[in-house]
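Enquirer: Give me the fold of what follows.
(chains A and B)
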Amino acid sequence: GAGVSQTPSNKVTEKGKYVELRCDPISGHTALYWYRQSLGQGPEFLIYFQGTGAADDSGLPNDRFFAVRPEGSVSTLKIQRTERGDSAVYLCASSASGRVTDTQYFGPGTRLTVL
Amino acid sequence: DQQVKQNSPSLSVQEGRISILNCDYTNSMFDYFLWYKKYPAEGPTFLISISSIKDKNEDGRFTVFLNKSAKHLSLHIVPSQPGDSAVYFCAASEASYGKLTFGQGTILTVHP
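Expert: Predicted structure coming up:
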């Protein structure tokens, strides 16, 4: 079956612009996570959705970052007024029910470069 | 502060030998630990996990050991194969859901 997909695979933008990153989770998975991986670091938790609701958004760095999952499947991570420090690989993962023991399946990521 | 640390950026091993990857953590509330493997241009892939009520978990060539008193876990791969060459991340959680804190990763290279 299809895994987690993310689009675009690469995004180059200019400082101050708005970007949207999309995640298509595995069908039927109720839990969806966003992580950010900076160069030389491990993934860093951003936000967790259970169904349509953001159950934990404690990892979002500031109010320029926002994510939605309106129908409980596809999610979009939105970044306003991008800064050079936002450059990173943005990873999405989904799991069946959200329990910590459920395997998280990661997508290939979107590489965001802010010039 | 880095709550999960992998102090070895890289490890090189001969095919057939044992690979030992190490991970230390500082948060005593962590109670579930995982190892992920990552190939270039792909997302991390789950390898093996361990709950804090255990000190060892084995799955084929992979064994994870947990030493709670030392706040240390390790991943043993025996025997190592060239296809094991990848970046390995340890991760930990203190939540009932999958909010993971990752280490920086260790690049494993297995030479034929």
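Enquirer: Below-threshold pLDDT in the chain: ranges please.
Expert: Defaulting to chain A. In the predicted model of chain A, residues A:1 satisfy pLDDT under 70.
Enquirer: mind listing the strands for chain A?
Expert: Per DSSP state E, chain A has strands spanning A:5-7, A:10-13, A:19-24, A:31-37, A:44-50, A:53-56, A:65-68, A:75-79, A:88-95, A:105-106, A:110-114. These are given in chain order.
Enquirer: Touching the helix or strand containing B:Ile50 from outside, list them.
Expert: With elements taken from DSSP states H and E, the one containing B:Ile50 is strand B:45-51. With Cβ atoms under 8 Å, 6 or more residues apart in numbering or on different chains as the contact definition, strand B:45-51 has outside contacts at A:101, A:103-106, B:31-39, B:56-57, B:59, B:62-64, B:66, B:73, B:75, B:88. In this view, the C-beta of every residue, glycine as well, is placed from N, C-alpha and C.
Enquirer: Can you flag the buried ones in these?
Expert: Those of these that meet the buried threshold are A:104-106, B:31-38, B:62-64, B:66, B:73, B:75, B:88, by 16 or more other Cβ atoms under 10 Å in any protein chain shown.
Enquirer: got the residues of chain B near chain A?
Expert: Applying the criterion Cβ under 8 Å from any Cβ of the partner chain, the portion of chain B that neighbours chain A consists of B:4, B:6, B:32, B:36, B:41-46, B:49, B:51, B:89, B:91, B:93, B:95-105.
Enquirer: Go through the residues you listed and flag which are in helices.
Expert: Filtering the residues of chain B next to chain A for membership in helices, criterion DSSP state H, returns an empty set.
Enquirer: Pull out the buried residues from those residues.
Expert: When the residues of chain B next to chain A are checked for burial by 16+ other Cβ under 10 Å, the buried set is B:4, B:6, B:32, B:36, B:43-44, B:46, B:49, B:89, B:91, B:93, B:95, B:97-105.
Enquirer: coming back round to it: I'd like to know which of the buried ones among the contacts of strand B:45-51 are part of strands.
Expert: Counting by DSSP E, the part of the buried ones among the contacts of strand B:45-51 found in strands is A:105-106, B:32-38, B:62-64, B:66, B:73, B:75, B:88.
Enquirer: so who does residue 84 touch?
Expert: As the question left the chain open, I've gone with chain A. Contacts were defined as Cβ under 8 Å, 6+ apart; by that measure A:Arg84 touches A:15, A:114-115.
Enquirer: should've been chain B
Expert: Listed by Cβ under 8 Å, 6+ apart, the contact set of B:Asp84 reads B:19, B:37, B:77, B:108, B:110.
Enquirer: and if you look at B:Arg61?
Expert: Under the contact definition (Cβ under 8 Å, 6+ apart), the residues listed for B:Arg61 are B:77-79, B:81.
Enquirer: So B:Thr63 versus chain A, what's the distance?
Expert: When distances are taken as Cβ to the nearest Cβ, to the nearest Å, B:Thr63 and chain A turn out to be 18 Å apart.
Enquirer: if we can go back for a sec, which of the contacts of B:Asp84 sits closest to A:Ser38?
Expert: Minimum separation from A:Ser38 among the contacts of B:Asp84 (Cβ to Cβ) is found for B:Lys37, which lies at 19.4 Å.
Enquirer: beta partners for the closest one?
Expert: Beta-bridge partners of B:Lys37, counted by DSSP bridges, are B:Thr45, B:Tyr88.
Enquirer: next one: B:Ser93
Expert: Those that pair with B:Ser93 in a beta bridge, by DSSP bridges, are B:Tyr32.
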